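Fold the stuff below for me.
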Amino acid sequence: MEAATDLAYYEYLLIFGSGVIAGFINVVAGGGSLLTLPILIFLGLPPATANGTNRVGIFLQNVFAVGGFKSKGVSAFPFSIWLSISALVGAIIGAKIAVDISGELFNRILAIVMVMVIGITVANPLKKNNSGHELMSRGRQALSVFAFFFVGIYGGFIQAGVGFIIIASLTLINNISLVKTNSIKVFVALIYTIFALGVFAWEGQVDWVLGITLAAGTSIGGWSASRWSVDKGDRWIRYFLIVTVLIMAVKLWFF
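Numbers count the residues shown, from 1 in each chain. From the prediction side, this is the model:
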């Protein structure tokens with residue numbers, strides 16, 4: 001593909017700055033791509049190319065976020081591995097669908113799905129199981145692995161808001177704390193993004209210059225968010241999640 005038209009320095013700064021904000025939002029809650037995708041499209045990239053370019057930022061963001069959680073001693077292995085394998089298979093399918101549909105249809109699907117994601121997030125993940133114990137029987141783990149195949153399809157297809165779906169899945173099925181859920185989320189997203197990005201790159205739908213600029217920002221945001229979320233705990237993550245959902249809802253309905 002051809003690179004985006006020549007941009008002014010402040011437009012690169014805009015991409016970098018939006019990456020920092022989106023990286024933080026993605027790790028703590030989700031929906032950061034609702035900021036970066038429109039900006040990339042506004043700067044001249046076709047929707048499919050913006051979608052692929054955004055994955056460069058998502059990839060590096062999650063590399064740093066995984067490192068941040070690990071430095072704080074938060075992880076969930078080998079459960080995360082099984083979820084990642086399931087999700088990456090779905091992500092390949094989703095990414096292939098994304099590069100083959102029209103930009104107009106992509107935007108319409110994004111709007112519809114995000115309304116559904118907001119409904120799920122507000123209705124369920126914020127209401128935790130009263131026992132406070134993780135539900136990690138073999139049946140529950142198997143159900144999560146199955147669910148993450150579809151999480152991967154969505155993540156490979158759009159990515160925006162996949163964090164909310166992961167939070168919903170792990171909260172409803174396994175009753176995992178938000179801090180631990182976020183550590184699983186960034187690991188799973190890292191693994192499936194490698195394969196989704198590969199599909200977009202193979203199809204020539206990645207602007208690497210803009211992608212690396214965005215990734216420089218998301219890596220800073222992702223690292224900061226991973227350590228902040230561990231230090232602050234579930235209550236502050238929940239507050240952040242609620243605010244993010246409300247902002248996304250306003251954006252979708254009125255802009």
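
which residues touch residue 77?
Residues near residue 77 by CB atoms under 8 Å, 6 or more residues apart in numbering: none. Bear in mind the C-beta positions are built from the backbone N, C-alpha and C, glycine included.

For residue 96, see how far away it is.
For residue 77, the distance to residue 96 equals 29 Å [CB to CB, to the nearest Å].

secondary structure class for residue 77?
coil (DSSP: H, G, I helix; E, B strand; the rest coil).

ditto for residue 133
From three-state DSSP, the assignment for residue 133 is coil.

separation between it and residue 30?
25 Å.

From the neighbour counts alone, determine which of those two ranks first.
When residue 133 and residue 30 are compared for neighbours, residue 30 comes out ahead with 28 against 8, by other CB atoms under 10 Å.

Verify the stated contact: the more buried one with residue 162.
Yes - between residue 30 and residue 162 there is a contact under CB atoms under 8 Å: 6.5 Å.

Remind me what the one helix or strand residue 93 maps to packs against, helices and strands.
Taking DSSP states H and E as the criterion, residue 93 maps to helix 79-100. With contacts defined as 3 or more CB pairs under 8 Å, 6 or more residues apart in numbering; DSSP states H and E, helix 79-100 has these neighbours: helix 47-71, helix 138-157, helix 178-202.

how about those in CSV, adding mean neighbour count, mean pLDDT and distance to residue 91?
Formatted as CSV, the helices and strands packed on helix 79-100 follow (neighbours: other CB atoms under 10 Å; pLDDT from 0 to 100; distance: least, CB to CB, whole Å):
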stretch, mean neighbour count, mean pLDDT, distance to residue 91
helix 47-71, 25, 91, 10
helix 138-157, 19, 94, 3
helix 178-202, 24, 92, 4
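
could the ones you listed be laid out in CSV, adding distance to residue 36?
As requested, those are exported to CSV (distance: least, CB to CB, whole Å):
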stretch, distance to residue 36
helix 47-71, 5
helix 138-157, 15
helix 178-202, 14
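
and residue 221, which of these is closest to it?
helix 47-71 (6.6 Å; CB to CB).

What is the neighbour count of the closest residue to residue 231 other than its chain neighbours?
In space, and not counting its chain neighbours, residue 231 is closest to residue 72: 7.9 Å by CB to CB, 6 or more residues apart in numbering. When neighbours are defined as other CB under 10 Å, residue 72 has 15 of them.

next one: residue 10
Neighbours of residue 10 using other CB under 10 Å come to 9.

So which elements touch the helix or strand where residue 164 lies?
Assessed by DSSP H and E, residue 164 sits inside helix 162-174. Judged by 3+ CB pairs under 8 Å, 6+ apart, helix 162-174 is in contact with helix 103-123, helix 138-157, helix 178-202.

what's the closest of those helices to residue 53?
helix 178-202 (8.0 Å).

Now do that closest one against helix 162-174, angle only.
130 degrees (axes from the mean of the first three to the mean of the last three CA atoms, to 10 degrees).

quick one: contacts of the helix holding residue 93?
48, 51-52, 106, 136, 141, 144-146, 148-158, 183-184, 187-188, 191-196, 199-200, 203, 205.

That one vs helix 47-71, what angle?
Using the same axes, to 10 degrees: helix 79-100 against helix 47-71 is 170 degrees.

Measure how far helix 79-100 is from the centre of its chain, please.
Here helix 79-100 is found 13 Å from its chain centre; the criterion is CA atoms, centre = their mean, to the nearest Å.

State the mean pLDDT of that helix.
Helix 79-100 comes out with an average pLDDT of 93.

List the buried residues of that helix.
79-80, 82-99 (16 or more other CB atoms under 10 Å).

How about residues contacting stretch 63-76?
23, 27, 176, 179-180, 182-184, 186-187, 190, 219-220, 222-227, 230-231.

How far off centre is that stretch?
16 Å.

Could you do stretch 35-52 as well?
With CA atoms, centre = their mean, you get 16 Å for stretch 35-52.
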